[in-house]
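Novice: 3D, please:
(chains A and B)
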Amino acid sequence: MKTASKPPAALPPAAVGVPEVPRSAGRRNGGTWRRRLADQSRAYAFLIGGLLCFALFSWYPAIRAVVIAFQKYTPGSGGEWVGTANFTRVFHDPEFTAAWRNTLTFTVLALAIGFAVPFVMALVLNELRHAKAFFRVVVYLPVMIPPVVSALLWKWFYDPGAGLANEVLRALHLPTSNWSNGADTALVSLVIVATWANLGGTVLIYLAALQSIPGELYEAAELDGANIWQRVRHVTIPQTRFIILMLMLLQIIATMQVFTEPFVITGGGPEDKTVTVLYLIYKYAFLYNDFGGACALSVMLLVLLGVFSALYLRLTRSEGEDA
Amino acid sequence: MSTRTLVSPLTLARPRGRAAYWTVFSGVVLLFALAFLFPVYWMVTGAMKSPDEVTRTPPTLVPHHWHLSGYIDAWDLMDLPTHLWNTVVQATGAWLLQLVFCTAAAYALSKLKPAFGKVILGGILATLMVPTQALVVPKYLTVADLPVLHTSLLNSPLGIWLPAVANAFNLYLLKRFFDQIPRDVLEAAEIDGAGRLRTLWSIVLPMSRPVLGVVSIFALVAVWQDFLWPLMVFSDTDKQPISVALVQLSQNIQLTVLIAAMVIASIPMVVMFLVFQRHIIAGISAGSTKG
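Specialist: Numbering: from 1, shown residues only, chains lettered A, B, ... in the order given. Sure, this is the predicted structure:
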């Protein structure tokens, strides 16, 4: 029975008298309904732990975010339906505009710096023939340092008095800066921290992509008289276009959820210059005890980032099918 | 090894090419040392300076006197053993539960053909589209008051462990790996009289060592590095993991002591990276190009 002896092909599952068993189970050959039930319960015994966790901590909260966004909600007392009041209240909060502006600026800056720097680094590293392992380990080292530690470390570097950042500027005879304390420079300072802490992974991914480019392409381009920049423009970039696009989407999704750096380094200040959307969500929930407002904001972030995530998943899927 | 890259080997072999190569090479070594190693050096030595020296301008490159008191004070004053232990408990539990539940679920979805398996897998994959941080508030409310049971997981390691199991990425990674294991192998085991659990334990898992390694590293690193979620879950100071405790204590503590605590907090992850660096780097590189 357990071997691959095929049941008569003419016998549809329904003929066995088990209409409850879905068709996917029909592939288990030669089983009676009793056996199928046993199979199913065994399969679900394996599945149940993971399934419960997903239901409780992924699916349920996702639905709940939408529900609570339309409720006046305080823990313990249940929710009272208030329609779109949460959205309008959040919308009229002056910090709302600041948070979105800061988050978008942060993302654009992080993309500009966080795309160019790792790409150039990977491009150069790929040409080097020595100490490859050293470079890979060193560039990834900051990624392994806990983000909270990176943030505290840079907070210390940015210190206007004894901070290393201003010391370096002084040594180079450049004007010093207020860094994370200055209204104009605070956000950029945070982008630098995030880039320093995260670019290692991006560099390694680009490096892997560069290594998969067939050498003949460069050879052909060189024979055609293309110089180095033309080779980068016409061979390297088109060949890595997919990875570049994927990492950009991934970075947009990640940077729009920035929280640790502003929370640890600037506390949202000066004024509201580094309040991000996630920080504002945190404030609504834990400072104002306004969970309806927090969920309204969450839903906005969710909808926006869901679009990018969907794009990303589609891209990775279609690439997987091509390969 | 000698695959052709942007610059041809021929160009590099010429004297001018070789000079350019070594200039770029030393430039990159210098840049990397300054950008990535120096901050770490600054942190490790900064903790060994005296409280006066660390705030002095211009700063000293090498401590005048090497003090270990920063590290000792951090260990005692900031109660680091407790917080490190909390982190270890949270990370280990999340890792173990993830291995057990995700492996079992991935095995079921891949090989046992449960009814509605496709719907469930679709639901799990759909969560990849939901940015994790954007859901922390409703997740917090769920953990604070679990449906049906009406208990709270706040200030309990379960508040870290159970949500960690709902990791669609790791589950999908495992499922895809199990999909590659041929049916014949499992059927052979079945003929020999092995049950489902036995097949999983003695056939599937030993074959899956590489992917289990990757999942383990992802799971451990994720918990150790997380900040926002443990910040929400643990309001009791003595239950907090090191990341949360560092930020909470950073306000009113001497700078050298804080820096020493930062170094101590980084050591476990950095050591793990140095030990497993080949696997970690290979994992990142491979995972990306194959999607």
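Novice: C-alpha from now on. contacts and neighbour counts both.
Specialist: Will do.
Novice: any idea which residue sits dead centre in the chain?
Specialist: No chain was given, so I picked chain A. A:Ala254 (3.3 Å; C-alpha atoms, centre = their mean).
Novice: oops, I was thinking of chain B
Specialist: Closest-to-mean residue, chain B, C-alpha atoms, centre = their mean: B:Val221 / 1.2 Å.
Novice: what pLDDT does the model give that one?
Specialist: Looking at B:Val221, its pLDDT reads 91.
Novice: and it, how far from B:Ser266?
Specialist: B:Val221 sits at a distance of 12 Å from B:Ser266 (criterion: C-alpha to C-alpha, to the nearest Å).
Novice: the residue nearest to the centre of chain A: which element?
Specialist: helix A:241-255 (DSSP states H and E).
Novice: following that helix, which helix or strand shows up next?
Specialist: helix A:260-261.
Novice: by contact count, what packs against that following helix?
Specialist: helix A:147-157, helix A:186-211 (3 or more C-alpha pairs under 8 Å, 6 or more residues apart in numbering or on different chains; DSSP states H and E).
Novice: for B:Gly70, find the nearest of those helices.
Specialist: helix A:147-157 (15.7 Å; C-alpha to C-alpha).
Novice: what is the mean pLDDT for that closest one?
Specialist: 95.
Novice: so that helix versus helix A:186-211, what angle?
Specialist: Here helix A:147-157 runs at an angle of 130 degrees relative to helix A:186-211 (axes from the mean of the first three to the mean of the last three C-alpha atoms, to 10 degrees).
Novice: what does helix A:147-157 contact?
Specialist: For helix A:147-157, contacts defined as C-alpha atoms under 8 Å, 6 or more residues apart in numbering or on different chains pick out A:142, A:163-165, A:180, A:193, A:197, A:260-261, A:264-265, B:43, B:225-227, B:243, B:246-247, B:259, B:262, B:265-266.
Novice: also stretch A:68-87?
Specialist: Contacts for stretch A:68-87 (C-alpha under 8 Å, 6+ apart): A:Asn289, A:Asp290, A:Phe291, A:Gly292, A:Gly293, A:Ala294, A:Cys295, A:Ala296, A:Leu297, A:Val299, B:Leu141.
Novice: tell me the one of those nearest A:Leu37?
Specialist: Nearest member of the contacts of stretch A:68-87 to A:Leu37, counting by C-alpha to C-alpha, is B:Leu141, at 36.7 Å.
Novice: just after the strand or helix carrying that closest one, pick out the following helix or strand.
Specialist: Using DSSP H and E, B:Leu141 sits within helix B:136-144. Counting by DSSP H and E, the next helix or strand C-terminal to helix B:136-144 is helix B:158-165.
Novice: just checking, what packs against that following helix?
Specialist: Using 3+ C-alpha pairs under 8 Å, 6+ apart: helix B:158-165 touches helix A:33-54, helix B:80-97, helix B:228-233.
Novice: do the last one and chain A meet?
Specialist: Yes: legend: contact between helix B:228-233 and chain A by C-alpha under 8 Å from any C-alpha of the partner chain is shown at B:Leu228.
Novice: quick one: low-confidence residue ranges for the chain.
Specialist: Using chain A here. A:1-31, A:318-323 (pLDDT under 70).
Novice: actually, chain B is the one I wanted.
Specialist: Using pLDDT under 70, chain B drops low at B:1-3, B:287-291.
Novice: count the residues that sit near the residue nearest to A:Asn166 when sequence neighbours are not counted.
Specialist: Computed as C-alpha to C-alpha, 6 or more residues apart in numbering or on different chains, the closest residue to A:Asn166 that is not its neighbour in sequence is A:Thr176, at 5.4 Å. Look at A:Thr176: counted by other C-alpha atoms under 10 Å in any protein chain shown, it has 13 neighbours.
Novice: swap in the one 5 residues further on?
Specialist: Using other C-alpha under 10 Å, the number of residues around A:Asn181 comes to 21.
Novice: I figured it hits A:Glu271, correct?
Specialist: No: A:Asn181 lies out of contact with A:Glu271 (C-alpha atoms under 8 Å); the separation is 10.0 Å.
Novice: count the residues that sit near residue 209.
Specialist: All of this is about chain A. 23.
Novice: I was after chain B.
Specialist: The burial count for B:Arg209: 11, using other C-alpha under 10 Å.
Novice: so is stretch A:200-208 next to chain B?
Specialist: Yes: interface with chain B: stretch A:200-208 contributes A:Gly201, A:Leu204, A:Ile205, A:Leu207, A:Ala208 (C-alpha under 8 Å from any C-alpha).
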